[in-house]
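Trainee: this one's structure only:
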């Protein structure tokens, strides 16, 4: 009796030898091709460019508005409203705003610089070179997945592909999320506060107009002169006091608006982009994403 016929048959090794089922490799292939093809789509890049340009225009307009207010304050600082025995220096009321505008100018310089840097990074990461490197890493990963000869390099190609995905899409996705936050929450708040600062600027400019300060030009006898002087004094006092109260209240509100604008622009142009970049980097380079 031939006992060799009773020996159990040995399992035939998998022809692929990659440790991945053909179904998983097929889905991985489709995902890699889709991500690579998405890198060559220019629609999202162009939209991101437009939004960065609009953000730079908004920042520039807010900066110009604040500088106009600063110029009006500088003009009125030397002007005194003299009302008989009373004299009030408008510059004393406006000094806090002038100091805050200097800080606001620094923040706007930082914001515009951040937006310019984002635009440069977007140009670099959406360039033909970045797309070519992404396609090269995708091709290497596909060969490592399907070719038994290159399977030992599969994890290396996967790490390189994840890194290129981060390089190619980090800024675009960060800007896209930032645009969504701007549209939903920030843009309207920035616009309303900038408009209020414009109104305060017009009010300060009117206060510095010499034609608004009345002068006595007529005399009608001794008693008439005394009566006219007293009426003029009390009238001017009420008028200028009311005007100063309005200016002071508006200036106090403009200080709040300027501080809120500073916070909004720092959030819009610095904190949110950096936060989204860090989150996206941690997701892409996370060790938990190990599809191979």
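Mentor: Alright, I've got the coordinates. Not measured: the values here are computed from a predicted model. Numbers count the residues shown, from 1 in each chain.

Trainee: C-alpha from now on. contacts and neighbour counts both.
Mentor: Noted.

Trainee: for stretch 137-144, give me every contacting residue.
Mentor: By C-alpha atoms under 8 Å, 6 or more residues apart in numbering, the list of residues contacting stretch 137-144 from outside reads 29, 32-33, 36, 150-154, 157-158, 160-161, 164.

Trainee: residue 268 against residue 186, yeah?
Mentor: Yes - between residue 268 and residue 186 there is a contact at 7.5 Å, judged by C-alpha atoms under 8 Å.

Trainee: the two: which has the busier surroundings?
Mentor: Taking neighbours as other C-alpha atoms under 10 Å, residue 268 and residue 186 compare with residue 268 leading, 21 against 18.

Trainee: now which of the contacts of stretch 137-144 would you call buried?
Mentor: Listed as buried from these are 29, 32-33, 36, 150-151, 154, 157-158, 160-161, 164; burial here means 16 or more other C-alpha atoms under 10 Å.

Trainee: hang on, residue 187 is in a helix, isn't it?
Mentor: Yes - the assignment for residue 187 by DSSP: H, G, I helix; E, B strand; the rest coil puts it in a helix.

Trainee: show the pLDDT at it.
Mentor: Reported pLDDT at residue 187 in the predicted model: 88.

Trainee: separation between it and residue 115?
Mentor: According to C-alpha to C-alpha, to the nearest Å, residue 187 stands 15 Å off from residue 115.

Trainee: now residue 265: phi and psi?
Mentor: Torsion angles at residue 265 (phi, psi; degrees, to the nearest 10) stand at phi -70, psi -40.

Trainee: count of residues packed around it?
Mentor: Residue 265 has 23 neighbours, counted by other C-alpha under 10 Å.

Trainee: for it, which residues are in contact?
Mentor: For residue 265, the contact set (C-alpha under 8 Å, 6+ apart) comprises 59, 107-108, 111.

Trainee: so which of those are in helices?
Mentor: The helices, defined by DSSP state H, take in 59, 107-108, 111 from those.

Trainee: farthest-apart pair in these, please.
Mentor: The distance between the two most remote of these (C-alpha to C-alpha) is 10.1 Å, for 59 and 107.

Trainee: where does residue 20 sit, in terms of helix or strand?
Mentor: Residue 20 belongs to no helix or strand when assigned by DSSP states H and E.

Trainee: distance check, it against residue 267.
Mentor: Per C-alpha to C-alpha, residue 20 is found 45 Å from residue 267.

Trainee: same deal with residue 164?
Mentor: From residue 164 across to residue 267, the span is 28 Å (C-alpha to C-alpha).

Trainee: where along the stretch 101-250 of the chain do the strands fall?
Mentor: Applying DSSP state E, counting those that start in this stretch to the stretch 101-250 of the chain gives no strands.

Trainee: which parts of it are helices?
Mentor: Along the stretch 101-250 of the chain, the segments classed as helices by DSSP state H, counting those that start in this stretch run 128-146, 154-181, 187-207, 222-266.
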